[in-house]
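Provided below are the primary sequence and the corresponding predicted coordinates.
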Amino acid sequence: MNPLLELDHIHLAYDTPRGLRTVADGLCLHLARGHIGCLLGASGCGKSTVLRAIAGFEPVRAGRILLDGQVLSSPRQQVAPELRRVGMMFQDYALFPHMNVAANIGFGLRRHSHAERAARVAELLEMVGLAKAGDSYPHELSGGQQQRVALARALAPSPELLLLDEPFSNLDTDTREHLAAEVRDILRSTGHTAILVTHNQAEALAIADRIGSLSGGQLQYWDAPEALRRRMAAPERLRA
Ligand SMILES: Nc1ncnc2c1ncn2[C@@H]1O[C@H](COP(=O)(O)OP(=O)(O)OP(=O)(O)O)[C@@H](O)[C@H]1O
């Protein structure tokens, strides 16, 4: 079966005053529809840059990014971010403070009729367990609740792929674990495909279908959690 997302030998780099800073160097990755992939790696290894390239905010200098077989990025072609059907959710929630929760969630649905938008917003509020919070403003909610609103807003336009960049890192440990499990259950039950960036290996093992570690511009592995657990349990000399 074809993967929903395919990174085919992508090369990503920034022009800096000190020359080209290469972040991805022939990076390959396949993610099946309905799967959750996790990118781990040291700070500065390029995890966010890879997500930004998938979302269309960074060009690829070589290679291709494909979604459902369609080329989104190549050196000759760059589909605009708003046409990619890719949603994003960040660690800082990025909610609009002057809009209530319902308006925040409905923001990406401006082309829908008023009735359609209201129905979709109600469905999403229910899905993230905030059915009564539509009239509240972001500052009236806890961090975990705000992040659930951010999830609902990212899912509102029914993206093919959801990108989550350290979405739980601003939360305390209890909320973080609870919300991570909740987000996993929501994504699984709705059949969404997602890529999550995290520093937290335990979180990756709890959420993901595939886990990879980015280092030196490439993925060091791209394994199912069980395979990664087995490898971690093996003596160091036997680890691939
Ligand atoms: N706009 C930019 N211009 C130049 N260099 C950049 C730019 N954005 C990021 N970088 C550099 O590219 C590298 C990868 O950054 P990126 O933010 O993708 O890493 P990361 O793995 O997501 O880090 P963290 O885990 O700390 O968020 C870093 O060395 C960073 O300094």
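Sure thing, it's come through.

the longest helix seen in the chain - what's its average pLDDT?
In the chain, assigned by DSSP state H, the helix with the most residues is helix 173-190. Averaged over helix 173-190, pLDDT sits at 86.

show me what that helix is packed against.
If you count contacts as 3 or more Cβ pairs under 8 Å, 6 or more residues apart in numbering; DSSP states H and E, helix 173-190 packs onto strand 36-40, helix 143-155, helix 201-207. Yep, even glycine has a C-beta here, placed from its N, CA and C like the rest.

what's the most centrally placed residue in the chain in contact with, if anything?
The centre of the chain sits closest to Leu163, judged by Cα atoms, centre = their mean, with a distance of 1.8 Å. Leu163 sits next to Leu51, Ile54, Ala55, Val86, Gly87, Met88, Met89, Ala194, Ile195, Val197 when contact means Cβ atoms under 8 Å, 6 or more residues apart in numbering.

for it, what is the enclosing helix or strand?
For Leu163, the element it lies in under DSSP states H and E is strand 161-165.

all strands for this structure, in order.
Using DSSP state E, the strands assigned to the chain run over residues 5-16, 19-31, 36-40, 62-67, 70-74, 77-78, 86-90, 161-165, 193-197, 210-215, 218-223.

quick one: which of the ones you listed is nearest Gln145?
Nearest of the strands of the chain to Gln145, taken as Cβ to Cβ: strand 86-90 at 14.1 Å.

residues from this structure in reach of the ligand?
Tyr14, Thr16, Arg21, Val23, Gly41, Ser43, Gly44, Cys45, Gly46, Lys47, Ser48, Thr49 (Cβ under 6 Å from any ligand atom).

redo that, cut-off 5 Å
Tyr14, Val23, Ser43, Gly44, Cys45, Gly46, Lys47, Ser48, Thr49 (Cβ under 5 Å from any ligand atom).

of all these, which comes closest to Ser158?
Closest approach to Ser158 among the residues of the chain next to the ligand (Cβ to Cβ): Ser48, at 24.1 Å.

and the closest one, what is it in contact with?
Here Ser48 is in contact with Asp165, Val197 (Cβ under 8 Å, 6+ apart).
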